[in-house]
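> My questions concern the predicted model and sequence given below.
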Protein chains: 2
Amino acid sequence: MSALVVYAGSGVSGVDGKGRTTIPAELRDSVQQSSGANSVCISRHSSLPCLIGFGGAERLKLRADIETQWQSAVARGDAFDRELAGIPASSIFETAFEASGRFVLSPMLKHFGRIDDRAFYFGATTHFMLWNPDVFLKEAPAAFEPVKDELNYWLNEQAKRGK
Amino acid sequence: MSALVVYAGSGVSGVDGKGRTTIPAELRDSVQQSSGANSVCISRHSSLPCLIGFGGAERLKLRADIETQWQSAVARGDAFDRELAGIPASSIFETAFEASGRFVLSPMLKHFGRIDDRAFYFGATTHFMLWNPDVFLKEAPAAFEPVKDELNYWLNEQAKRGK
DNA sequence: TTTTCATCCATGATATCCCTTGATATGCAG
DNA sequence: CTGCATATCAAGGGATATCATGGATGAAAA
């Protein structure tokens, strides 16, 4: 484990009545390499109405980063509240996914990620994001403009194949 | 791997019903030398209706760069948004090609690159470009004028050989 | 018992791999 | 230079694996 991986690729996946959703294959491979197992970490985004996901190595990295921030703050003589800094990472949920890449989105994650019956997955190099497609098109910041093109492509494809 | 190479040479290659296309031999050698493997990165161009390509493992380098930037930002006490920094690299697609140099252009890349049943490849030193021949002749900026001559040469050759 | 939840199996559609083929390029001997 | 054998090229086709998803099974909780 602990390999440096790249999260890339995108796709729209369904979310069924049980909250089950499938991570697109390309992203799933990255998550597996990062975790060394069939396990994915999902977390609320700190400011945007979406979820973020990554493998186990990234989670450990977040922990290590806090130590680094603390040490360099001390070295500069700045204040750094390690307790506060650790709170965001505490809402990361790690769940197992089956061989097919499918896992259960808890009702709470669905709530905070505003996920309904479809999820738009896309890699962002160091992690991946999970949006409600409608919310993404309407509310994602300008920096995501090229990714909106991708989503529109997928929605078009799905429409062509009859829903 | 990771050698400094020059992408040069040009050619027109077919794109079959499965989206399969062959990188011309000369360019393929550069890609192999650059990546040390049978892997190529393809990406949308940021402003032109074409695709750009280069050796594989480039994405991994971008990820490593982001980590480096993050670390030095932390050391200086600066802010660094790792999430946003990862977005541009997310639209680079890495794919393996077979020994013959053939790989699959995903439907999405075909869409954004406006590729139909033929692809015009040409080296541009630091990378190579991939155009729909018709689009290239009609819409490429003036700077590509000399390259248009090359394309016309290839199209002439193909016409002579029937088809 | 009834419900809940995770694991396992089933399925149709699609993509990936590998072998083949015809055309062209290259090397070498006569 | 000519002729032939070999290597390499681009492209086609088909068996097989993988994808995403729907549903069934079975164990533990309510």
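The structure has been received and is ready for your questions.
> Can you get me a residue count around the residue lying closest to residue A:25 once chain neighbours are set aside?
Distances taken as CB to CB, 6 or more residues apart in numbering or on different chains put residue A:101 closest to residue A:25, at 6.5 Å, once the chain neighbours are dropped. Just so you know, the C-beta spots here come from the backbone N, C-alpha and C atoms, and that holds for glycine as well. Residue A:101 has 19 neighbouring residues, counting by other CB atoms under 10 Å in any protein chain shown.
> per-residue pLDDT, residue A:101?
If you check residue A:101, the pLDDT there is 94.
> what's the answer for the one 10 residues further on, then?
The predicted local confidence for residue A:111 comes out at a pLDDT of 95.
> and it, what element?
Assessed by DSSP states H and E, residue A:111 sits inside helix A:107-112.
> before we move on, back to that, now do the phi/psi pair for the residue nearest to residue A:25.
phi 90, psi 10 (degrees, to the nearest 10).
> now the longest helix seen in chain A: mean pLDDT?
Longest helix in chain A, counting residues (DSSP state H): helix A:56-76. The pLDDT scores in helix A:56-76 average 90.
> Going along the chain, name the helices of chain A.
Along chain A, counting by DSSP H, helices occupy A:25-35, A:56-76, A:82-85, A:107-112, A:133-139, A:145-160.
> Next, the angle helix A:25-35 makes with the second one.
Following axes from the mean of the first three to the mean of the last three CA atoms, to 10 degrees, one obtains 60 degrees for the angle between helix A:56-76 and helix A:25-35.
> what's the spacing between helix A:56-76 and its chain's center?
20 Å (CA atoms, centre = their mean, to the nearest Å).
> elements contacting that helix?
Under the contact definition 3 or more CB pairs under 8 Å, 6 or more residues apart in numbering or on different chains; DSSP states H and E, helix A:56-76 sits against helix A:25-35, strand A:39-44, helix A:82-85, strand A:92-96, helix B:58-76.
> was I right about residue A:146 contacting residue B:112?
No: using CB atoms under 8 Å as the test, residue A:146 is too far from residue B:112 to be in contact (9.5 Å).
> Which one's more surrounded, the two?
Using other CB under 10 Å as the criterion, residue A:146 and residue B:112 rank with residue B:112 on top: 20 against 14.
> Contact partners for the more buried one?
By CB atoms under 8 Å, 6 or more residues apart in numbering or on different chains, the residues touching residue B:112 are A:149, A:153, B:44, B:51.
> Compare those residues and tell me which has the most neighbours.
Compared across the contacts of residue B:112, residue B:51 has the highest neighbour count, 24 neighbours, by other CB under 10 Å.
> Hmm, residue B:89 and residue A:6 touching each other?
Yes: with contact defined as CB under 8 Å, residue A:6 reaches residue B:89; the gap is 7.4 Å.
> For DNA strand C, see how far away the spatially closest residue to residue A:49 that is not a sequence neighbour is.
Once flanking residues are discounted, residue A:49 sits nearest to residue A:114: 5.0 Å by CB to CB, 6+ apart. Relative to DNA strand C, residue A:114 is positioned 21 Å away (CB to the nearest atom of the strand, to the nearest Å).
> could you list every residue that touches residue A:114?
Contacts for residue A:114 (CB under 8 Å, 6+ apart) come out as A:49-50, A:132, A:135.
> Of those, which is the nearest to DNA strand C?
Using CB to the nearest atom of the strand, residue A:132 comes nearest to DNA strand C of those, at 21.3 Å.
> Who are the contact partners of the closest one?
Contacts for residue A:132 (CB under 8 Å, 6+ apart) come out as A:49-50, A:113-116, A:118-120.
> ok, so of the residues you listed, who is nearest chain B?
Minimum distance to chain B across the contacts of residue A:132 is 10.6 Å, recorded for residue A:50 (CB to the nearest CB).
> Next, the contact list for that closest one, please.
Listed by CB under 8 Å, 6+ apart, the contact set of residue A:50 reads A:113-114, A:129-132, A:135-136.
> what's the angle from the longest helix of chain A to strand A:92-96?
160 degrees.
> Buried ones in helix A:56-76, by neighbour count?
Neighbour-count burial for helix A:56-76, with 16 or more other CB atoms under 10 Å in any protein chain shown as criterion, is recorded at A:56-59, A:61-62, A:65-66, A:69-70, A:72-73.
> who in chain A is up against chain B?
Within chain A, the positions adjacent to chain B are A:4-10, A:52, A:65, A:68-69, A:72-73, A:76, A:78, A:122-127, A:143-144, A:146-147, A:149-150, A:153-154, A:157 by CB under 8 Å from any CB of the partner chain.
> one step back: adding distance to DNA strand D, write the helices of chain A out as TSV.
Putting the helices of chain A into TSV (distance: least, CB to the nearest atom of the strand, whole Å) gives the following:
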stretch	distance to DNA strand D
helix A:25-35	3
helix A:56-76	20
helix A:82-85	32
helix A:107-112	15
helix A:133-139	12
helix A:145-160	9
